[in-house]
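Undergrad: sequence plus predicted model, see below.
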Amino acid sequence: MNNQNYELVVVGGGPAGLAAAQEAYDQGIRDILIIERDFELGGILQQCIHNGFGLHYFGEELTGPEYAHQFIKNIRERGIDIKLDTMVLEVTPDKKVFAINSDEGMIEIDAGAVILAMGCRERTREAIDIPGSRPAGVYSAGTAQRYINMEQWIPGEKVVILGSGDIGLIMARRMHLEGAEVEAVLELLPFSGGLTRNIVQCLEDFDIPLRMQQTVVEIKGQDRLESVVVAEVDDNFKPIKGTEYEIECDTLLLSVGLIPENELSEEAGVEMSSITGGPIVNEGRETNIEGIFACGNVLHVHDLVDWVTEESLIAGKTAADYLKGGIAKRSKAIDVNPGENVGYIVPHKITNKVDDRKLVNLYMRAKQPMADVKINLYAGDKKLLDKKARRVEPGEMITFPVPEKMISSNDISSLKVDIVKEEK
């Protein structure tokens, strides 16, 4: 066994891990290791060659690789240690990290703190249980994106896309630009899970149809996909008999949701949220295990990488504070609860002693699209704060800054956020 020691170990070298490591270094922590299972840093950004990244954080429009390069350059300039092609096998509650690679064999690392930044993975056909044969031509949207953008191989010529999340929308445009016929984008829900700008720029600009409340109920074909059978669904998402129709295609791309990669988190004993699929964390992104933090898509799936970066900087700073002498805690934690039309809120609780000069940003998603709304923050029955919004969409993260002086009282034990229609 190869035994090593680091003050801070960051598991994952994607945008979350890079930002967290950079911030921890800038806060005075020098003994940092980033572990990445791929052969390069940057994570999913390396295959996202379209633009639209960095508008919030960098103030300019970048491609995915350009965004990643900024942070990779910063990490290398700081001299932070990196292990590539290295698989983390286990993280223990006492912050031992077990990993393996071809150069060093089995590695045991004693860490002062650990930041979990493993990202997320796509749901597969098996996860959504589509019946039919098993021909070639059925891919997750992310796999198809990698084939085209990094391997220069086009998966097919006549395409149906199931799911209107951002990657599905982006791949509709990508396939069209490569010369494929995109027959339709199908969405189970009555609204899209993607950003409005992607619906406009990826579908409407290219006359690609988006069909709501429809899904694939059968896959046909032997060696290669030949067609899919589509049906409308009712309010309980069950196919409606008699509405079936067939679309000829040689390729089906699945964009049916992302799952945070939390096997390591669960084995470490981290408390998990049944809603987000990620760890339950406080405002510093610390889990229930002292000294283990989580950020990025392993915590909850983000719509913009800029929000991943913002959140990961929080985790990096708090991990540095922890390593430099600990974090003062409140005498009583404040639970943060989603209310009317709020799917979830991160952080799940506020536990650290507050600085009245700062803000606590609450990140949340609406359950359904609504126009002309008011976002209300309550402590018990008392309204503390509200904010108007012209429109909220489930696919777009809502950030709600709360002045810490509002919640500094030890009388507050819980907060709740509602999204309601604004009264005229």
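TA: It's in.
Undergrad: end to end on stretch 72-91, go ahead and measure it.
TA: Chord length of stretch 72-91, first to last residue, is 25 Å (Cα to Cα, to the nearest Å).
Undergrad: what's in contact with that stretch?
TA: With Cβ atoms under 8 Å, 6 or more residues apart in numbering as the test, stretch 72-91 has contacts from 6, 11, 13, 18, 21-22, 25, 32-42, 96-102, 107, 114, 116, 264-265, 267-268, 292. Quick note: C-beta positions are derived from backbone N, CA and C, even for glycine.
Undergrad: of those residues, buried ones?
TA: Among the contacts of stretch 72-91, those scoring as buried are 6, 11, 13, 18, 21-22, 25, 32-37, 41-42, 96-97, 99, 101, 107, 114, 116, 264-265, 268, 292 (criterion: 16 or more other Cβ atoms under 10 Å).
Undergrad: sitting in strands, which of the contacts of stretch 72-91 do you find?
TA: Members of the contacts of stretch 72-91 lying in strands (criterion: DSSP state E): 6, 11, 32-35, 96-101, 107, 114, 116, 292.
Undergrad: can you name the two of the residues you listed that sit furthest apart?
TA: Pairwise distances across the ones in strands among the contacts of stretch 72-91 (Cβ to Cβ) peak at 22.3 Å, for the pair Asn101 and Ile292.
Undergrad: quick check: the residue nearest in space to the middle of the chain vs Ser273, distance?
TA: In the chain, the centroid-proximal residue (Cα atoms, centre = their mean) is Val301; its distance is 2.3 Å. Distance from Val301 to Ser273, counting by Cβ to Cβ, to the nearest Å: 12 Å.
Undergrad: ok, Val91 next?
TA: Taking Cβ to Cβ, one finds Val91 at 18 Å from Ser273.
Undergrad: check Val114 too.
TA: From Val114 to Ser273 the distance is 19 Å (Cβ to Cβ).
Undergrad: hang on, the residue nearest to the centre of the chain packs against Leu258?
TA: Yes: counting by Cβ atoms under 8 Å, Leu258 is a contact partner of Val301 at 4.7 Å.
Undergrad: which residues do the two both contact?
TA: Cys120.
Undergrad: then Ser274 would be within a helix, right?
TA: No: counting by DSSP: H, G, I helix; E, B strand; the rest coil, Ser274 is located in no helix; its state is coil.
Undergrad: how many neighbours does it have?
TA: For Ser274, the neighbour count with other Cβ atoms under 10 Å is 7.
Undergrad: what of the one 3 residues further on?
TA: Gly277 is flanked by 19 other residues according to other Cβ under 10 Å.
Undergrad: which secondary structure elements does the helix or strand bottoming out on mean pLDDT in the chain contact?
TA: Ranked by mean pLDDT, DSSP states H and E, the weakest helix or strand in the chain is helix 125-128, scoring a mean of 73. Here helix 125-128 touches no other helix or strand, going by 3 or more Cβ pairs under 8 Å, 6 or more residues apart in numbering; DSSP states H and E.
Undergrad: no further questions, thank you.
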